[in-house]
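Novice: Okay, sequence plus prediction incoming.
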Amino acid sequence: MALWITGGSGMVGSAFKRLKLANTIYPTKREYNLLRTAPISFFPKDNVIHLAAKVGGVKANIDYVSDFYYENHLINQNVLESAHRCSAGKVISLLSTCVYPDAPYVTYPLTEDQLHIGPPHHSNFGYAYAKRMVDVMSRAYRQQYGCNFITAIPNNLYGENDNFDLENGHVIPALIRKIWEAKINKISFVECWGDGSPLREFTYSEDIARILLFLLNNYDDPEPINIGNTDEYSIKEVVEIICSILEYEGKIVWQTDKPSGQHRKPSSNKKLLDLGWERENYTPLKEGLKKTCEWFIINYPKVRGIS
């Protein structure tokens, strides 16, 4: 049985390619347009890891909220309907922790049973609701047709081939780019929003690829499953690690008049650990950041978000 991976050109898709898996197919946008309204038949009884999505940072999610909902919902609908029509094996769809409700609806750490008890944060509700619908659709196909469709929820991802756009990228790639460009342009300071105190959980992209392969063989439940590394780091600590790796000695200026964001948003990966995934299998943040920074330097400026 082959393995199909949608979104193979993205960060997690690239991580799968680095694992050099046998009998794995990465459909391209030129071959299969996932935005087609007519269902596509291209998963002949094979397993599918569904990564394809329209993604962006906070500003893009606010400015193009309808586009983020419409395009992601259409992609997800076409992938799941195609998998059903082809009698595909297992389909694992990757969600995001942004699908979870915002405070005061949840308690921390976030557990899978809290997914649908309130609205997501207003800043990305179009993307978040489209991703929630993947969980809803997966349950519906399972209930009506017996399809083995499951969903997995990572937290903040980073790694090679990320999007390094300063406005639409996420925090780690944006920081790597800002600090590297300050170094090579001999700029004596880097400005960062907030005070650096918020705590976040970060997971290296190759870890997510390995976990999804683990779930192919070890998880068949209809309930979603959290799969991120739950070690917390402050944004200030992340900046210090990146500065050390890139050997940047300039000053970090914290713009305390800018929002810092939610202080904590921890999640629980107990369900994953109970399946047998070992906490030690996660890549330590310093190691993952070193690999990411080295890749960035080699490929700069021909990286996503710049070139």
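Specialist: Now that the structure is in, tell me what you want to look at.

Novice: List the contacts of R264.
Specialist: Applying C-beta atoms under 8 Å, 6 or more residues apart in numbering to R264 gives the contacts Y108, P198, L199, E232. From N, CA and C alone the C-beta is placed, and that goes for glycine too.

Novice: what's the neighbour count on the third one?
Specialist: Close neighbours of L199, defined as other C-beta atoms under 10 Å, add up to 16.

Novice: wait, isn't it in contact with K236?
Specialist: No. With contacts counted by C-beta atoms under 8 Å, L199 stays clear of K236, the gap being 10.0 Å.

Novice: so the nearest residue to C98 once chain neighbours are set aside, which of the three states?
Specialist: Leaving out its chain neighbours, the residue that sits closest to C98 by C-beta to C-beta, 6 or more residues apart in numbering is A128, at 4.8 Å. Secondary structure, DSSP: H, G, I helix; E, B strand; the rest coil: A128 is helix.

Novice: Tell me the helices and strands packed up against the host helix or strand of T203.
Specialist: Here T203, judged by DSSP states H and E, is contained in strand 199-204. Under the contact definition 3 or more C-beta pairs under 8 Å, 6 or more residues apart in numbering; DSSP states H and E, strand 199-204 sits against strand 156-158, strand 232-234, helix 235-246, helix 285-299.

Novice: From the contacts of R264, keep the buried residues only.
Specialist: For the contacts of R264, a burial check counting by 16 or more other C-beta atoms under 10 Å picks out P198, L199.

Novice: Which two among the contacts of R264 are spaced furthest apart?
Specialist: Y108 and P198 (13.5 Å; C-beta to C-beta).

Novice: Quickly compare the helices and strands packed on strand 199-204 and say which is most buried.
Specialist: Mean neighbour count, computed with mean count of other C-beta atoms under 10 Å, is highest for strand 156-158 among those, reaching a mean of 21.

Novice: following that one, which helix or strand comes up?
Specialist: Assigned by DSSP H and E, the successor of strand 156-158 is helix 171-184.

Novice: what does that following helix rub up against?
Specialist: Counting by C-beta under 8 Å, 6+ apart, 57, 156, 158, 162-166, 169, 187-190, 192, 200, 202, 235, 238-239, 242-243, 246-248, 250, 289, 292-293, 296-297, 300, 305-306 sit against helix 171-184.

Novice: List the buried residues of it.
Specialist: For helix 171-184, by 16+ other C-beta under 10 Å, it's 171-183.

Novice: tell me which of the contacts of R264 is nearest to K20?
Specialist: When these are ranked by distance to K20 (C-beta to C-beta), E232 comes first, at 32.3 Å.

Novice: I'd say the closest one and L199 touch.
Specialist: Yes. Using C-beta under 8 Å, E232 makes contact with L199 at a distance of 4.3 Å.

Novice: what touches both of those two?
Specialist: R264, P266.

Novice: would you list the contacts of R264 in TSV and tack on distance to L215?
Specialist: Below are those laid out as TSV (distance: C-beta to C-beta, whole Å):
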residue	distance to L215
Y108	24
P198	29
L199	27
E232	24
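
Novice: Can you tell me which of the contacts of R264 lies closest to D67?
Specialist: Once C-beta to C-beta is applied, the member of the contacts of R264 that ends up nearest D67 is P198, at 27.9 Å.

Novice: Verify the stated contact: the closest one with P259.
Specialist: No. P198 lies out of contact with P259 (C-beta under 8 Å); the separation is 9.8 Å.

Novice: so where is this structure shaky, pLDDT-wise?
Specialist: 37-39 (pLDDT under 70).

Novice: let's see it at 80
Specialist: Applying pLDDT under 80 to the chain flags the ranges 30-31, 37-44, 57-59, 168, 259-262, 307.

Novice: The spatially most central residue of the chain pairs with what?
Specialist: Nearest to the mean C-alpha position of the chain, counting by C-alpha atoms, centre = their mean, stands L157 at 4.9 Å. In this entry, L157 is beta-bridged to T203, by DSSP bridges.
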